[in-house]
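K.L.:
no sequence on this one, just coordinates:
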């Protein structure tokens, strides 16, 4: 009985310290590293099946895949050429305006999902990289289509990420067409985000692309988040009901990209000043 | 005497490790919300049948492992499993002599106690609360109990764990 009281009090203390302050992370990290074999074994069927698929793929399949990848590579490279000139032009124009712009030259890392099931009522995933790869809490992760979420717990060999559809997640976004800023909340449904603070008369349309606004400093600016799929304007209410479908393949992606958003653009700040001085002379 | 008491420790450890594995291994899409609480069931079994060795402390430690694997709040499952282990330990004399269905009923109540504590913690920390499907794992757990009982009982006799 005494032991129950002691352990109960201890677990309540743990919960209090874990909930907001993250003060028991040393304990969490230690245990997590100890329990890593269990995660690896749970992931084994998945990794074994993908190994088998890769090892016993037929030559023709591989050739086809290679051909399609080459075409895709060519297409992407062509688009990138245009992108480079556009970026240079954008930078020139911005320097004329005297404002700075963060050019993407970001550090990134590819991580793989581990098939470890967490709480089914929360949208969280486990990935196979952790603190020993310099990951940090709050780090954004993306897939090939858009923003997926952010890390909420980093252990030495694995990390847990919260997806943007988790009911406890919010992400600062803007509408790509007109730059209208708002916040997208997760709903708990894996294909819906909710924009609760859009006024009834705001300029939005079905099909508008939503991108990250970069405000709040956690997510880098300009990554696609989703598309507006439904707008319910009820004159009796203050705000419209706007539903966004996430771009990222939240429940299908196996490989995710970890981003290190570059810090405040100090070096780039210098160029416009120099340019202005040069024109003054 | 002491040697006899310590027999089978590695099997008990193995059973807990396996139950932790089964509580995180991927299930087919859509089934994961019906996943029974394997760790809770194994803990209840050992608490009922070797209460001198497995009790509140073990429950708490296993719960802590479950918290870390499931990424819940550190201490959430630990508290639930410790309280569950306490009840199972205190009532083991009565429950052991109950007829089978009554035994299963008590196990269901233990599983519900664990889930109720988790529910309290979830609502206190402001997390999304699912409706009635939240309670399905306990029902799935009770459906699994006869099989688990048969397996662990055979193993306990085989390794003569007392």
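P.N.:
Cool, the structure landed. For clarity, every value in this text was computed on a predicted model and none was experimentally measured.
K.L.:
Which SSE is immediately downstream of the helix ranked longest in chain B?
P.N.:
Scanning chain B for the longest helix, with DSSP state H as the assignment, gives helix B:100-124. Once the chain leaves helix B:100-124, the next helix or strand it forms, by DSSP states H and E, is helix B:136-158.
K.L.:
Which strands or helices does that following helix pack on?
P.N.:
With contacts taken as 3 or more CB pairs under 8 Å, 6 or more residues apart in numbering or on different chains; DSSP states H and E, helix B:136-158 sits against helix B:9-24, helix B:38-49, helix B:100-124. For glycine as for every other residue, the C-beta is placed from the backbone atoms N, C-alpha and C.
K.L.:
nearest to chain A, of those?
P.N.:
Nearest to chain A among the helices and strands packed on helix B:136-158 is helix B:9-24 (4.8 Å), distances taken as CB to the nearest CB.
K.L.:
Mind listing what's buried along that closest one?
P.N.:
For helix B:9-24, burial by neighbour count (16 or more other CB atoms under 10 Å in any protein chain shown) applies to B:12, B:15, B:16, B:17, B:19, B:20, B:21, B:22, B:23, B:24.
K.L.:
burial count for whichever residue of chain B sits closest to chain A?
P.N.:
With CB to the nearest CB, the shortest gap between chain B and chain A falls at residue B:75, namely 3.5 Å. With neighbours defined by other CB atoms under 10 Å in any protein chain shown, the count for residue B:75 comes to 27.
K.L.:
go on, residue A:168?
P.N.:
16.
K.L.:
Now for it: which residues touch it?
P.N.:
A:122, A:162, A:186, B:126, B:127, B:128 (CB atoms under 8 Å, 6 or more residues apart in numbering or on different chains).
K.L.:
among the residues you listed, which ones are buried?
P.N.:
For the contacts of residue A:168, buried by 16+ other CB under 10 Å: A:122, A:162, A:186, B:127, B:128.
K.L.:
was I right about residue A:193 contacting residue A:182?
P.N.:
No. Between residue A:193 and residue A:182 there is no contact under CB atoms under 8 Å: 10.8 Å.
K.L.:
Report the rounded mean pLDDT for the longest helix seen in chain A.
P.N.:
For chain A, the longest helix by residue count, based on DSSP H, is helix A:59-97. Averaged across helix A:59-97, pLDDT comes to 87.
K.L.:
mind showing which ranges of chain A have poor pLDDT?
P.N.:
For chain A, the stretches flagged by pLDDT under 70 are A:21, A:98-105, A:262-281.
K.L.:
Buried residues, the longest helix of chain B. List them.
P.N.:
B:103, B:106-107, B:110-115, B:117-119, B:121-122.
K.L.:
what subset of these is also close to chain A?
P.N.:
Near chain A, judged by CB under 8 Å from any CB of the partner chain, the entries from the buried residues of helix B:100-124 are residue B:121.
K.L.:
can you list the buried residues of helix B:100-124 in CSV and add pLDDT and distance to residue A:213?
P.N.:
Shown next, in CSV, are the buried residues of helix B:100-124 (pLDDT from 0 to 100; distance: CB to CB, whole Å):
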residue, pLDDT, distance to residue A:213
B:103, 91, 58
B:106, 93, 55
B:107, 93, 52
B:110, 94, 49
B:111, 94, 46
B:112, 94, 45
B:113, 93, 46
B:114, 93, 42
B:115, 92, 40
B:117, 92, 40
B:118, 91, 36
B:119, 91, 36
B:121, 90, 34
B:122, 87, 31
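K.L.:
Below-threshold pLDDT in chain B: ranges please.
P.N.:
B:1-6, B:128.
K.L.:
which parts of it sit against chain A?
P.N.:
B:17, B:20-21, B:24-27, B:32-33, B:35, B:55-57, B:60, B:63-65, B:68-76, B:78-79, B:82-83, B:86, B:121, B:125-130, B:134.
K.L.:
With respect to residue B:143, which of the buried residues of helix B:9-24 is nearest?
P.N.:
residue B:22 (14.8 Å; CB to CB).
K.L.:
contacting residues around the closest one?
P.N.:
Residue B:22 sits in contact with residue B:38, where contact means CB under 8 Å, 6+ apart.
K.L.:
before we move on, the earlier item: residue A:14 is in contact with the residue of chain B closest to chain A, correct?
P.N.:
Yes. Contact criterion CB under 8 Å: residue B:75 and residue A:14 qualify, at 3.5 Å.
K.L.:
Contacts for stretch B:63-74 next, please.
P.N.:
Contacts for stretch B:63-74 (CB under 8 Å, 6+ apart): A:11, A:14-15, A:18-19, A:24, A:27-28, A:31-32, A:35, A:38-39, A:116, A:118-119, A:124, A:126, A:152-153, A:160, B:20, B:23-24, B:39, B:75-82, B:118, B:121, B:125.
K.L.:
Give me the subset of these lying in strands.
P.N.:
Judged by DSSP state E, the subset of the contacts of stretch B:63-74 located in strands is A:124, A:126, A:152, A:153, A:160.
K.L.:
contacting residues for the residue nearest to the fourth one when sequence neighbours are not counted?
P.N.:
Meaning residue A:153. For residue A:153, ignoring the flanking residues on the chain, the nearest one in space by CB to CB, 6 or more residues apart in numbering or on different chains is residue A:160 at 4.2 Å. By CB under 8 Å, 6+ apart, the contact list for residue A:160 reads A:118, A:124, A:125, A:126, A:127, A:151, A:152, A:153, B:71.
K.L.:
Please tell me how far residue A:160 sits from residue B:16.
P.N.:
Distance, residue A:160 to residue B:16, using CB to CB, to the nearest Å: 22 Å.
K.L.:
quick one on the thing from earlier: going by distance to residue A:230, which of the buried residues of helix B:100-124 wins?
P.N.:
For the buried residues of helix B:100-124, with residue A:230 as the reference and CB to CB as the criterion, the closest is residue B:122, at 29.4 Å.
K.L.:
quick one: contacts for the closest residue to that closest one other than its chain neighbours?
P.N.:
In space, and not counting its chain neighbours, residue B:122 is closest to residue B:129: 6.3 Å by CB to CB, 6+ apart. Counting by CB under 8 Å, 6+ apart, residue B:129 touches A:121, B:119, B:122, B:123.
K.L.:
any idea how far the residue most central in space within chain B lies from residue B:11?
P.N.:
Nearest to the geometric centre of chain B sits residue B:40, at 1.1 Å (CA atoms, centre = their mean). Look at residue B:40 and residue B:11: by CB to CB, they are 19 Å apart.
K.L.:
and what of residue A:164?
P.N.:
Per CB to CB, residue A:164 is found 44 Å from residue B:11.
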